[in-house]
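Enquirer: Curious how this folds, go ahead:
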Amino acid sequence: SATNTLRVGDRVDPDFRAVVSYSFEEWRLQPVDEISFRAANPRPAAPPRAPGSNLRVAAFNVLNFFNGDGQGGGFPTARGADNAEELARQKAKLVAALTALDADIIGLMEIENDGYGPDSAIAELAEALGPAWRFVAHGEAGLGSDAIAVGLLYRDDVVAEAGEAATLDTGAFGNETNRQPLAQSFRLLNNDQVLTLVVNHFKSKGSCPDDGVNAAQDDGQSCWNAERTQAAEDQLAWLAGQPTGVADEDVLVLGDLNAYALEDPVRAFQDQGFVDLLTRFQGDQAYSYLFDGETGHLDHALASPSLDARVVDAGAWHINADEPRALDYNQDFKSDQQIDDFFAADAYRSSDHDPLHVDLNLTADDGEAAPPADDDSGGGGGLGWLWLALVLAAGRRRRA
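Expert: All right, here's what the predicted structure looks like:
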């Protein structure tokens, strides 16, 4: 049931008999005795904020949050909930998870790309979180032509937008593979410190071409690795140009890069000094996603060198990857009894990806003046961006 789950890592009492069979390309045990399960990976409570932090940033792939026409109709949509009842169940679970994360800024992936009007999916989610929540709007039509997009939510009683929201629609982000990123700088209301966030959703490892550089190269990184790596390099060059108009060296790259921690796209960021915060704080066994019985993290929080020094803690809240799919909002392939028994309006199995959280201590260093409060001033830190631009130029010379 929804409150009596089985999670990845749970144990089975080995004293039982079973018939070994092989079907659908899998070996299976068909028990003939009763099985006793033992919880070895209990559900984790919401992660508390780290002592000394004054800002929490989160990232969450919300598993195709589509809201129909935004007025209770318009179903079925291209993805996500099939009807208004499923949407209500999906929203209840997402809001429970996002609220419990206790974040001040949240980067979203897989939200419906239907613009920023009052009936849009991102507007509905912001409204459900409460009166303090706002969303970053880039134009009116959304980002690119994909059915899903990235987004940014924030608390307007903690931070304010600084500069202008920006996206990248050229290079690896201009050919309908990688979704367009969204960058926005924010200023803390209580001390005027500034940081820039970039939310991403890179090309998946599916729909593989048969040949060429984006075909699977038998190196463990699956297909489209070249496209994802180019996206990382294009984004680094874009960031060096201060796309939001704010010249500050504290940058946090968030999102579902569809690349695991040791793959080329992540290494491209690391080669330019960005730090993989999940690995830094959780070690080599950090994970946020399960695929085909194997865990790893496709979801990333990558901090620029200056911001890394201000990170107090980071992690993944394991509410989804370890849980059975049967406990999600979906009503398909379930009996009426299962529709009731398997659902709870809580955070567990609210998506297929675990949300990430990053706790920061953004205060002026000794002798450092806080950036001006004017949103359009851009603050300080130009030398940090000069450093990044020089490193990128050196990297291009080496590749040449």
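Enquirer: Who does the closest residue to residue 103 other than its chain neighbours form a beta bridge with?
Expert: Leaving aside its sequence neighbours, residue 103 sits nearest to residue 58 (CB to CB, 6 or more residues apart in numbering; 3.8 Å). Using the backbone N, CA and C atoms, a C-beta is placed for each residue, glycine as well. Beta-bridge pairing for residue 58 (DSSP bridges): residue 106, residue 357.
Enquirer: Helix or strand with the lowest mean pLDDT in this structure?
Expert: helix 382-399 (a mean of 41; mean pLDDT, DSSP states H and E).
Enquirer: Let's verify residue 95: helix, strand, or coil?
Expert: Put simply, residue 95 is helix when judged by DSSP: H, G, I helix; E, B strand; the rest coil.
Enquirer: Now do it against residue 240, distance only.
Expert: According to CB to CB, to the nearest Å, residue 95 and residue 240 sit 37 Å apart.
Enquirer: just for the chain, where's the confidence low?
Expert: Residue ranges of the chain with pLDDT under 70: 365-400.
Enquirer: Show me how the record splits it into domains.
Expert: As assigned by automatic domain parsing, the chain contains the domains 8-41, 55-399.
Enquirer: now the end-to-end length of the shortest one.
Expert: Read it as domain 8-41. Distance between the two ends of domain 8-41: 7 Å, counting by CA to CA, to the nearest Å.
Enquirer: for stretch 4-16, same thing?
Expert: 22 Å.
Enquirer: contact partners of it?
Expert: By CB atoms under 8 Å, 6 or more residues apart in numbering, the residues outside stretch 4-16 that reach it are 31, 33-43, 290, 295, 321-324, 327, 348.
Enquirer: let's see 10 Å
Expert: Under the contact criterion CB atoms under 10 Å, 6 or more residues apart in numbering, stretch 4-16 has outside partners 29, 31-43, 287, 290, 293, 295, 318, 321-324, 326-327, 341-342, 344, 348-349.
Enquirer: In contact with the residue nearest to residue 103, which residues?
Expert: With contact set as CB under 10 Å, 6+ apart, residue 58 has these partners: 47, 97-98, 101-108, 153, 254, 301, 317, 355-358.
Enquirer: send the alpha carbons of the helix or strand where residue 231 lies over as CSV?
Expert: In this structure, residue 231 sits in helix 225-240 according to DSSP states H and E. Output of helix 225-240 as CSV, limited to C-alpha atoms (Å, rounded to 0.1, in the frame of the first residue of the first chain):
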residue,chain,number,x,y,z
ASN,A,225,26.7,11.9,-25.8
ALA,A,226,28.4,14.2,-28.3
GLU,A,227,25.3,16.4,-28.4
ARG,A,228,25.1,16.6,-24.6
THR,A,229,28.8,17.4,-24.4
GLN,A,230,28.5,20.1,-27.0
ALA,A,231,25.6,21.5,-25.0
ALA,A,232,27.8,21.7,-21.9
GLU,A,233,30.5,23.5,-23.9
ASP,A,234,28.1,25.9,-25.5
GLN,A,235,26.6,26.7,-22.2
LEU,A,236,30.0,27.5,-20.6
ALA,A,237,30.8,29.9,-23.4
TRP,A,238,27.4,31.5,-23.0
LEU,A,239,27.7,31.9,-19.2
ALA,A,240,31.1,33.6,-19.7
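Enquirer: list the helices and strands that helix packs on?
Expert: Where contact means 3 or more CB pairs under 10 Å, 6 or more residues apart in numbering; DSSP states H and E, helix 225-240 is packed against strand 182-188, strand 194-201, strand 251-256, helix 264-271, helix 382-399.
Enquirer: 8 Å instead?
Expert: strand 194-201, helix 264-271, helix 382-399 (3 or more CB pairs under 8 Å, 6 or more residues apart in numbering; DSSP states H and E).
Enquirer: next structured bit after the second one?
Expert: Remark: after helix 264-271, the chain's next helix or strand is strand 275-276, criterion DSSP H and E.
Enquirer: Pull up the pairing partners for that next one, direction included.
Expert: According to DSSP bridges, strand 275-276 forms sheet pairs with strand 299-303 (antiparallel).
Enquirer: can you list contacts of the partner strand?
Expert: Outside strand 299-303, the residues that touch it by CB under 8 Å, 6+ apart are 57, 59, 61, 251-257, 261, 266, 269-270, 274-278, 288-289, 311, 314, 316, 353-354, 356, 358.
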